[in-house]
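>>> with the input below, show me the fold.
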Amino acid sequence: MKRFLEAKEKVKYLLCHTFSMKRSDKRRAVKRKQRMQRVLHKQYRGAGKPRASKPKTFVMSPFRIESKGEIKRKRPLYEELKKMARKAMAIKHGKAGLPEVLQVLGVATKRPYGLVLDVVQLPLMATDPVVGPFFRTLFNFYRAGNPAASRAAHLESIQLVKQLRGLGFKVAIQHTREKERKSFVRAAQRAGAVKIRENPDALKGLGTTWARDQWIKIAGKREKPKTDMRSMLFGPEHHFGEGGSMIQVGPKEFAVIESLSQDPRLRHYSRLGYRFQLLPQATVFDRPLTDFFGTKIYTMTPHIDVAIGGIPEKKIAAVDPNYFGDHKPSIQSMQRNLGVKLVFVPKAEADRHPANFLPLGQGRVLVDSGAPKFIQELKKAGIETIPTAVPLNALASMKGGLHCLFNEY
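Below you'll find the predicted structure:
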């Protein structure tokens, strides 16, 4: 406060002597006074008062929004593919049907909760001279998806932007040069988001729909993946920095995908006092393939944030029941080694993957309102839980959620 008063007296002195100077000296004095006022405003703003903390900013990446005409053109093809898939499921050779054939070929495994496809194998099997045509068709099923899903997910996302703004947070939307994504950017801006620079990977055609996969924040800095997103999905490249594969469950504790075990950055941060628990790949409920085949289909993913959610301030980890059933020893090791408390997603809501929630800081989380039982479990654990303004049905259809959609800026 003493320094503030001394600086204020200097400004008064300059004001009193400005009129007795030459014109050139006056200009210099005025400029000096303006500089000093800027310094005072910057250094002594709110002197004697506690400085308010800056609101957290969340960044999102724009979806590709298909036009209504494009959806109308794709709908007949989608329905035709669905009919073909249902026929394939109905064909039996003795006791063996399509699920059994896929298991024999090593493309799928039967789990208690459904059929799990290894999507990495689909394009590889497409080159086989005997079963290649079938697997090329199956891969088209996987890539097709529901043509209306992205448009519905766009509407849900805009509601989430409005909700975050209403909670006092800032939201930023990444700029894009793609025509199909620009409408998303404009809608997000109308909802209160601020446009920021484009994701550099998007310029190379390597971008991702999910902002979470562009970086993680650790030790006060951003760490980015060393390779592009497409390579990480179809190979054992470096996932360090991909937010979907690294979940913060404590102040210095992370659950990470096991393919990171040899990454040098993992060893670097371990030396700085950070602790990491290696976990296997997760399975994600695949709504488009389930819709195609008429039976529950899941796909393998390195994005363990569909199965694990963290509240770092409270050292609590939410766990998907199917993931826990598949990898119980690994989850128990995480609980023991990192000292975290576990909260389980109810089985009835597991296919929504509500553990993919958004941590807001100070022990608060934003959770899919379509999972009311899970919300109650979090509240029982002493977590301040805020349900989303709308249930996230379409985002779940795109195999993503709140944690995928938003990243800390």
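>>> quickly list the domain ranges of this protein.
According to automatic domain parsing, the chain comprises the domains 2-43, 59-66+147-408.
>>> centre of the chain to the last one, how far?
The gap between the average C-alpha position of domain 59-66+147-408 and the chain average comes to 3 Å, counting by C-alpha atoms, centre = their mean, to the nearest Å.
>>> if we can go back for a sec, highest mean neighbour count out of the domains of the chain?
Highest mean neighbour count among the domains of the chain (mean count of other C-beta atoms under 10 Å): domain 59-66+147-408, with a mean of 19. (Glycine included, C-beta is placed from N, CA and C.)
>>> could I get the domains of the chain as CSV with distance to residue 87 and mean pLDDT?
Below are the domains of the chain laid out as CSV (distance: least, C-beta to C-beta, whole Å; pLDDT from 0 to 100):
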stretch, distance to residue 87, mean pLDDT
domain 2-43, 70, 57
domain 59-66+147-408, 10, 89
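>>> mind putting those domains into CSV with distance to residue 120?
As requested, these are exported to CSV (distance: least, C-beta to C-beta, whole Å):
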stretch, distance to residue 120
domain 2-43, 53
domain 59-66+147-408, 6
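>>> quick check: which of those domains is nearest to residue 119?
Across those, the minimum distance to residue 119, taken as C-beta to C-beta, is reached by domain 59-66+147-408, at 5.0 Å.
>>> tell me how far the ends of the closest one are from each other?
6 Å (C-alpha to C-alpha, to the nearest Å).
>>> check contacts around residue 151.
Contact partners of residue 151, counting by C-beta atoms under 8 Å, 6 or more residues apart in numbering, are 65-66, 68, 71.
>>> try residue 309
By C-beta under 8 Å, 6+ apart, residue 309 lies in contact with 247, 317-318, 354-357, 359, 365, 403.
>>> apply 6 Å and report the result again.
Residue 309 sits next to 318, 355, 357 when contact means C-beta atoms under 6 Å, 6 or more residues apart in numbering.
>>> quick check: closest non-adjacent residue to the second one.
By the measure of C-beta to C-beta, 6 or more residues apart in numbering, the closest residue to residue 355 outside its immediate chain neighbours is residue 309, 3.8 Å from it.
>>> distance of the one you found from residue 152?
When distance is defined by C-beta to C-beta, to the nearest Å, residue 309 is 23 Å away from residue 152.
>>> next one: residue 194
For residue 194, the distance to residue 152 - C-beta to C-beta - is 25 Å.
>>> cool, residue 82 as well?
The value you get for residue 82 to residue 152, if C-beta to C-beta is used, is 18 Å.
>>> now do the helices in the stretch 251-400 of the chain.
264-271, 287-293, 321-326, 328-338, 372-380, 393-397 (DSSP state H, counting those that start in this stretch).
>>> longest helix anywhere in the chain?
Of all the segments of type helix in the chain, defined by DSSP state H, the longest one is helix 68-90.
>>> what helices or strands is that helix leaning on?
If contacts are counted by 3 or more C-beta pairs under 6 Å, 6 or more residues apart in numbering; DSSP states H and E, helix 68-90 sits against helix 132-144, helix 287-293.
>>> just checking, residue 195 touches residue 174?
No. With contacts defined as C-beta atoms under 6 Å, residue 195 does not count as touching residue 174, sitting 7.8 Å away.
>>> and residue 258, what does it touch?
Taking C-beta under 6 Å, 6+ apart as the test, what residue 258 contacts is 278, 280.
>>> and it, how close does it get to residue 277?
Per C-beta to C-beta, residue 258 is found 10 Å from residue 277.
>>> re earlier: so the residue nearest to residue 355 bridges to which residues?
residue 318 (DSSP bridges).
>>> which residues does the spatially most central residue of the chain contact?
Nearest to the mean C-alpha position of the chain, by C-alpha atoms, centre = their mean, lies residue 404 at 1.6 Å. Residues in contact with residue 404, defined by C-beta under 6 Å, 6+ apart, are 210, 212.
>>> wasn't it part of a helix?
Yes. The assignment for residue 404 is a helix, going by DSSP: H, G, I helix; E, B strand; the rest coil.
>>> numbering from 29 from now on, please.
In the new numbering, first residue 29, that becomes residue 432.
>>> and it, how far from residue 381?
10 Å.
>>> could you do residue 392 as well?
For residue 392, the distance to residue 381 equals 20 Å [C-beta to C-beta].
>>> can you check residue 212 too?
With C-beta to C-beta as the criterion, residue 212 and residue 381 are 22 Å apart.
>>> ditto for residue 190
According to C-beta to C-beta, residue 190 stands 23 Å off from residue 381.
>>> and what of residue 368?
On the measure of C-beta to C-beta, residue 368 and residue 381 end up 19 Å apart.
>>> next: residue 208.
Taken as C-beta to C-beta, the span from residue 208 to residue 381 is 26 Å.
>>> residue 144 too?
Counting by C-beta to C-beta - residue 144 and residue 381 are separated by 15 Å.
>>> in the sheet, who's paired with residue 303?
Applying DSSP bridges, one finds that residue 303 bridges with residue 281.
>>> might one say that it is in contact with residue 281?
Yes. Contact criterion C-beta under 6 Å: residue 303 and residue 281 qualify, at 5.1 Å.
>>> how about residues contacting the helix or strand containing residue 217?
Per DSSP states H and E, residue 217 falls inside helix 207-218. Helix 207-218 is contacted by residues 90-93, 182, 186, 189, 201 when judged by C-beta under 6 Å, 6+ apart.
>>> angle of that helix against helix 96-118?
110 degrees (axes from the mean of the first three to the mean of the last three C-alpha atoms, to 10 degrees).
>>> the domains of the chain: which one's closest to residue 132?
Once those are compared by C-beta to C-beta, domain 87-94+175-436 is nearest, at 17.2 Å.
>>> could you look up the SS state of residue 205?
coil.
>>> so where does the closest residue in space to it that isn't next to it in sequence fall, helix or strand?
Leaving aside its sequence neighbours, residue 205 sits nearest to residue 226 (C-beta to C-beta, 6+ apart; 6.9 Å). Assigned by DSSP H and E, residue 226 belongs to neither a helix nor a strand.
>>> test my guess that residue 226 contacts residue 200.
No. Counting by C-beta under 6 Å, residue 226 stays clear of residue 200, with 11.9 Å between them.
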